[in-house]
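>>> A predicted structure for the sequence below; I have some questions about it.
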Amino acid sequence: MVALGVLVILVSGIFMVVQTALKTVLLIDHRASREDEITHLTDILRSNFRNLPNHARLTAGPVAGGKSREYLFVVQNAPGFLTWLSAPESDDEVVLLSLRQDSADARWRVCLKRFEPAASLRETEFSAQSALKAAAEIPWLELVAGLERVSVRFFDGMGQRWLDVWKNGQVRPALIELTMIYEHTPDPRSAAAVFWLPPVRGGTP
Amino acid sequence: MNRGFMLLEVVLALSIFIVAVVGLVKVLNAGLDADYEQRRLTTMRLNLQSLLDEALAGHPAQAETETPADGFHVSYRRVIRPADPQISGGRKLRHVFKITVTAHDTLRENRVIGTLWTYASP
């Protein structure tokens, strides 16, 4: 009887230890893949911002209105921006990079969509609202999901200050800072990356 | 005699259990250490690239800056020095700076654990 009792205690002990070990291994694996996702995203953004063509126009900042928050990058005249797998169909394509908070679970996603504006709008400099309206029918391509918090800032090389919005598409921010918190509890994990954008040649840095 | 055997069995079972638990705890610890190390290296790589990009955004001039150690016990040092690299024909490129960013492990006598560098001109 005593031996049976001891056996039961030992078996439950082993079961608990193995269960904890498995949970920890799964957590470590999950964290490693999240870190990979974030690292790949920052690598892609870094190389794309660094190689932005001289004639590309970039505006970015928080989008006003709506229940959830959103930062939107509108990139024009940059056919190779965030393009992979196939060559862009047209040089006039407009790329929208969105960091948006999902209203359902308040988590953030990084999404992308591209559209070719109508011939009459090709010379237009799209604002966040007009670009979203023009591309309303096109679905978002999700790059990273489930982020706890996201923030973006832009460094004005002329004024030597950080700004929350970048409105002037003719001039580029010298730096873009992207901060992402991708796991909140029990141990907050975040990634802060600063990307350099080479100044427009023959323009103002 | 039987009671003696029973005690021996219990002691034996307990020893096996303890050995198994110690083994599992060691494996878990190794996993957690690897997780910490990966996170530390990822953060270090991001910080090195960001410090290099920040230097590229300014006008390079001879300078040396230090960033104090972060939560991972890694401090950073950025050195900008005139480089004037030699090109073909023995000529030297003027007004070229070399920007070097190094990461130091403050727990191991500031040993360098990561380096990134690039050339830049004002």
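Perfect, I can see it now.
>>> Name the nearest residue to residue 41, sequence neighbours excluded.
With no chain named, the answer covers chain A. Of all residues not flanking A:L41 in the chain, A:V144 sits nearest, at 5.3 Å (Cβ to Cβ, 6 or more residues apart in numbering or on different chains). Where C-beta positions appear, they are placed from N, C-alpha and C, glycine not excepted.
>>> Chain B was what I was after
Closest to B:L41 by Cβ to Cβ, 6+ apart is B:G114, at 7.9 Å.
>>> cool, and B:L46?
A:A193 (5.3 Å).
>>> same question, A:P188
A:I181 (6.1 Å).
>>> Please, which helix or strand holds the one you found?
In this structure, A:I181 is located in strand A:175-183 according to DSSP states H and E.
>>> do the same with B:S50
With DSSP H and E as the criterion, B:S50 is inside helix B:2-57.
>>> Show me what that helix packs onto, helices and strands only.
When contacts are defined as 3 or more Cβ pairs under 8 Å, 6 or more residues apart in numbering or on different chains; DSSP states H and E, helix B:2-57 packs onto helix A:2-50, strand A:175-183, strand A:189-196, strand B:74-82, strand B:97-105, strand B:111-120.
>>> average pLDDT for that helix?
Helix B:2-57 shows a mean pLDDT of 87.
>>> Could you do stretch A:157-174 as well?
Mean per-residue pLDDT for stretch A:157-174: 89.
>>> what's the straight distance from one end of stretch A:128-143 to the other?
20 Å (Cα to Cα, to the nearest Å).
>>> same thing with stretch A:180-192?
End-to-end distance (Cα to Cα), stretch A:180-192: 6 Å.
>>> contacting residues around it?
A:31, A:34-35, A:38-39, A:42, A:108, A:146-150, A:177-179, B:39, B:42-43, B:46, B:50 (Cβ atoms under 8 Å, 6 or more residues apart in numbering or on different chains).
>>> Same check on stretch B:36-54?
A:31-32, A:35, A:38-39, A:42, A:46, A:175, A:189, A:191-196, B:67, B:70, B:72, B:74, B:76, B:78, B:99, B:101, B:103, B:113-118.
>>> Going through those residues, which ones are buried?
A:31, A:35, A:38, A:42, A:46, A:175, A:189, A:191, A:193-196, B:72, B:74, B:76, B:78, B:99, B:101, B:103, B:114, B:116 (16 or more other Cβ atoms under 10 Å in any protein chain shown).
>>> what's the neighbour count on A:M180?
Residues contacting A:M180 under the criterion other Cβ atoms under 10 Å in any protein chain shown number 22.
>>> Specify the beta-bridge partners of it.
A:V150, A:A191 (DSSP bridges).
>>> near chain B, which residues of chain A?
Residues of chain A that fall close to chain B, judged by Cβ under 8 Å from any Cβ of the partner chain: A:2-3, A:6-7, A:10, A:13-14, A:17-18, A:20-21, A:24-25, A:28, A:31-32, A:35, A:38-39, A:42, A:46, A:155, A:157, A:174-175, A:189, A:191-198.
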